[in-house]
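**Student:** Need a 3D model of the following:
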Amino acid sequence: MVGEIEVIFGSVSSITCRGCSITERINSSTTATIHFDKREFLQLGAINYLDEVVINSVSQKRLLYRGNIVSIKSEPNDQVVIMLDNGQELTETGIKSLSVMRYDPREVAYSMARLAGFSQDHLVIPGLDNSLKEMIAFVPFKGLLIEQDEMVNGVQLLALNSVKSMQEKLPKNERTEVWHGFLDADAWISFRFTTSHFADAEEIAIEKADVFLSAYSSLLQYSYSQFGGNFIEWERVDGAINLKRQNYILLVMLNSGSAWLRDISSYKPTQTKLKPTIKLDIASVMDASENFQLPLLVWNRFRDSEDYYVVAIGLSQVVELLSMGVKLPQSFTKEKLTELTSRAIANLTEKEGNLVRSAIKRLNDGALMKRFNQHLTNIGITINEHEQELIGKFRGIRNAIDHGRKAEEPSAQEIKQVKALVNRVILASLTTSKSKQ
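**Tutor:** Reported below is the predicted structural model:
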């Protein structure tokens with residue numbers, strides 16, 4: 001008997017668990033089921049279902065289980081049952097389709113583990129070759145039909161015939177369905193670089209391909225008569241062209257001939273039978289003013305992204321939109337502002353004085369995060385310390401983008417958590433604002 005059970009949801013804890021069972025299976029993740037009285041569960045406050053859950057034995061002072069919520073449902077007699085799994089994150093980062101050729105099993109195991117979310121510091125594979133290797137990447141894209149191979153500043157643009165001839169050199173039993181997706185493109189870009197493993201090579205190749213395709217699209221869309229003093233030919237139809245990288249990548253280690261062909265699209269469900277249980281008058285929201293709808297519409301451009309840069313930009317835009325018009329207690333009276341202005345501009349030119357006068361007028365506006373926190377108070381939301389830190393982390397990423405610095409990369413779990421938090425704030429804002437209209 002383990003006695004009294006303590007369950008911790010992120011930074012929120014409970015010791016009134018009504019029942020707990022943990023199931024361990026060979027060659028499978030460990031699951032757990034916990035039961036709560038619904039009234040007591042709701043007294044814990046707003047729990048983020050994406051937070052990690054920890055189950056401890058109070059009497060034995062030991063960890064019993066750590067995992068993620070798979071589902072939470074109501075049961076008769078006002079009970080709540082929560083299903084947990086300690087391998088859920090691995091399931092959600094699954095590889096959709098992968099074909100490897102002439103491979104070292106240790107390299108494949110290492111790279112698949114890295115792609116599943118394991119840190120390289122926690123992977124020890126005896127005999128794994130960690131030396132730098134010359135790689136060549138092939139990345140398919142659409143938007144520009146290449147009929148003959150050509151070289152553009154060290155990047156090879158390949159036509160379909162060249163890629164098909166490369167495929168024909170592979171043994172027949174290694175031509176899998178992933179090739180069909182890889183070959184569904186207008187052209188391919190190919191370039192060389194050095195790195196140690198396929199997992200690292202994927203990240204490098206995708207970033208290089210995105211930069212090339214973005215720059216090439218900008219060249220196609222350029223609509224001025226000259227560039228660098230040179231005459232520019234132009235076709236109006238090119239102004240609408242934007243080259244799109246396809247979600248496949250082929251990597252080859254040149255020294256060994258090992259090849260790695262993968263579908264890199266997100267591994268996530270595309271439909272559900274579950275309907276939302278939150279009560280929101282969506283029809284009224286649809287008929288509301290554009291300003292009222294704007295945070296929701298802006299966030300919809302970002303919510304589906306797994307790119308932390310994109311999510312950080314979306315978060316910042318939503319914070320700014322929700323903070324607009326929020327009034328804070330005034331730090332300075334009108335008379336005090338007038339006095340400060342008179343003293344500050346006394347010895348300044350008219351132009352300098354106007355700049356200082358505008359700055360002083362904004363002293364009562366308050367910092368952005370102060371106004372956002374006031375907005376949270378206005379709509380009845382209290383966020384915990386972890387959530388505050390999460391917002392700060394993603395705002396730091398946005399600031400790094402603005403100043404050309406490399407940002408600290410968040411975990412996949414943190415990306416999910418901050419998106420859930422933004423979603424919660426927007427829905428609460430819609431509900432509260434609509435009730436006041």
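
**Student:** Which secondary structure state does Lys393 sit in?
**Tutor:** Taken by DSSP: H, G, I helix; E, B strand; the rest coil, the conformation at Lys393 corresponds to helix.

**Student:** err, Thr272, not the other one
**Tutor:** Following three-state DSSP, Thr272 is assigned to coil.

**Student:** tally of neighbours for it?
**Tutor:** Using other C-beta atoms under 10 Å, Thr272 has 6 neighbouring residues. Placement of C-beta: from N, CA and C, glycine included.

**Student:** Repeat that for the one 5 residues further on.
**Tutor:** The tally of other residues near Thr277 (other C-beta under 10 Å) stands at 6.

**Student:** That one and Ile72, how far apart?
**Tutor:** Per C-beta to C-beta, to the nearest Å, Thr277 is found 11 Å from Ile72.

**Student:** Break the protein down into its domains, please.
**Tutor:** The chain breaks down into these domains under automatic domain parsing: 5-89, 97-122+129-263, 282-328+366-436, 334-364.

**Student:** Just put the ones you listed in TSV and tack on mean neighbour count and distance to Thr272.
**Tutor:** Output for the domains of the chain, formatted as TSV (neighbours: other C-beta atoms under 10 Å; distance: least, C-beta to C-beta, whole Å):
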stretch	mean neighbour count	distance to Thr272
domain 5-89	15	12
domain 97-122+129-263	15	22
domain 282-328+366-436	16	14
domain 334-364	12	46
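
**Student:** closest to Lys273 out of the ones you listed?
**Tutor:** Lys273 lies closest to domain 5-89 among the domains of the chain, at 12.7 Å (C-beta to C-beta).

**Student:** Provide a list of residues in contact with Ala46.
**Tutor:** Ile381, Thr382, Arg424 (C-beta atoms under 8 Å, 6 or more residues apart in numbering).

**Student:** before we move on, what about Thr31?
**Tutor:** Ile22, Thr23, Gly67, Val70, Met83, Leu84, Asp85, Asn86.

**Student:** and with 10 Å instead?
**Tutor:** Each residue near Thr31 by C-beta atoms under 10 Å, 6 or more residues apart in numbering is listed here: 21-25, 65, 67, 70, 83-88.

**Student:** ok, now Val7?
**Tutor:** Per C-beta under 10 Å, 6+ apart, neighbours of Val7: 13-17, 20, 32, 34, 36, 41, 44, 53-56, 64-65, 82, 84.

**Student:** Give me the subset of those residues lying in helices.
**Tutor:** Phe41 (DSSP state H).

**Student:** Tell me which of the contacts of Val7 fall in strands.
**Tutor:** Residues from the contacts of Val7 lying in strands, with DSSP state E as the criterion: 13-14, 20, 32, 34, 36, 53-56, 64-65, 82, 84.

**Student:** got those as TSV, with distance to Ile232 and pLDDT columns?
**Tutor:** TSV is the format used below for the ones in strands among the contacts of Val7 (distance: C-beta to C-beta, whole Å; pLDDT from 0 to 100):
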residue	distance to Ile232	pLDDT
Ser13	65	72
Ser14	67	74
Cys20	70	86
Ala32	64	92
Ile34	66	92
Phe36	67	89
Val53	59	91
Val54	62	91
Ile55	66	90
Asn56	68	88
Leu64	68	89
Tyr65	64	91
Ile82	62	93
Leu84	60	92
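
**Student:** would a markdown table of those with distance to His375 be doable?
**Tutor:** Listed next are the ones in strands among the contacts of Val7 as a markdown table, based on distance: C-beta to C-beta, whole Å:
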| residue | distance to His375 |
| --- | --- |
| Ser13 | 28 |
| Ser14 | 29 |
| Cys20 | 39 |
| Ala32 | 37 |
| Ile34 | 34 |
| Phe36 | 31 |
| Val53 | 30 |
| Val54 | 32 |
| Ile55 | 35 |
| Asn56 | 36 |
| Leu64 | 40 |
| Tyr65 | 37 |
| Ile82 | 31 |
| Leu84 | 34 |
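
**Student:** Val152 versus the residue nearest to the spatial centre of the chain, what's the distance?
**Tutor:** Nearest to the geometric centre of the chain sits Glu306, at 3.0 Å (C-alpha atoms, centre = their mean). The spacing between Glu306 and Val152, counted by C-beta to C-beta, is 29 Å.

**Student:** quick one: which of the contacts of Ala46 is nearest Gly239?
**Tutor:** Using C-beta to C-beta, these come closest to Gly239 at Arg424, 40.4 Å.

**Student:** which SS class is the closest residue to Trp234 other than its chain neighbours?
**Tutor:** For Trp234, ignoring the flanking residues on the chain, the nearest one in space by C-beta to C-beta, 6 or more residues apart in numbering is Ser223 at 6.2 Å. Secondary structure for Ser223, judged by three-state DSSP, is coil.

**Student:** For Ser223, which residues are in contact?
**Tutor:** Going by C-beta under 10 Å, 6+ apart, Ser223 touches Ile232, Trp234, Glu235, Arg236, Asp238, Gly239.

**Student:** which residues touch Thr301?
**Tutor:** One correction, residue 301 is Arg, not Thr. Val310, Ile313, Gly314, Gln317.

**Student:** Could you verify that the first one is part of a helix?
**Tutor:** Yes: secondary structure of Val310 (three-state DSSP): part of a helix.

**Student:** Now the residue nearest to Leu421 when sequence neighbours are not counted: phi and psi?
**Tutor:** Leaving aside its chain neighbours, Leu421 sits nearest to Glu387 (5.6 Å; criterion: C-beta to C-beta, 6+ apart). Main-chain dihedrals, Glu387, degrees, to the nearest 10: phi -70, psi -40.

**Student:** so how far is Arg245 from Glu387?
**Tutor:** 34 Å.

**Student:** Check Pro276 too.
**Tutor:** To Arg245, Pro276 is 33 Å away according to C-beta to C-beta.

**Student:** Equivalent analysis for Ile426, please.
**Tutor:** Separation of Ile426 from Arg245 (C-beta to C-beta) stands at 30 Å.

**Student:** Please apply the same query to Met286.
**Tutor:** Relative to Arg245, and taking C-beta to C-beta, Met286 is found at 35 Å.

**Student:** again, but for Gln226
**Tutor:** For Gln226 relative to Arg245 (C-beta to C-beta), the value is 30 Å.

**Student:** likewise Lys208?
**Tutor:** From Lys208 over to Arg245 (counting by C-beta to C-beta), the distance is 11 Å.
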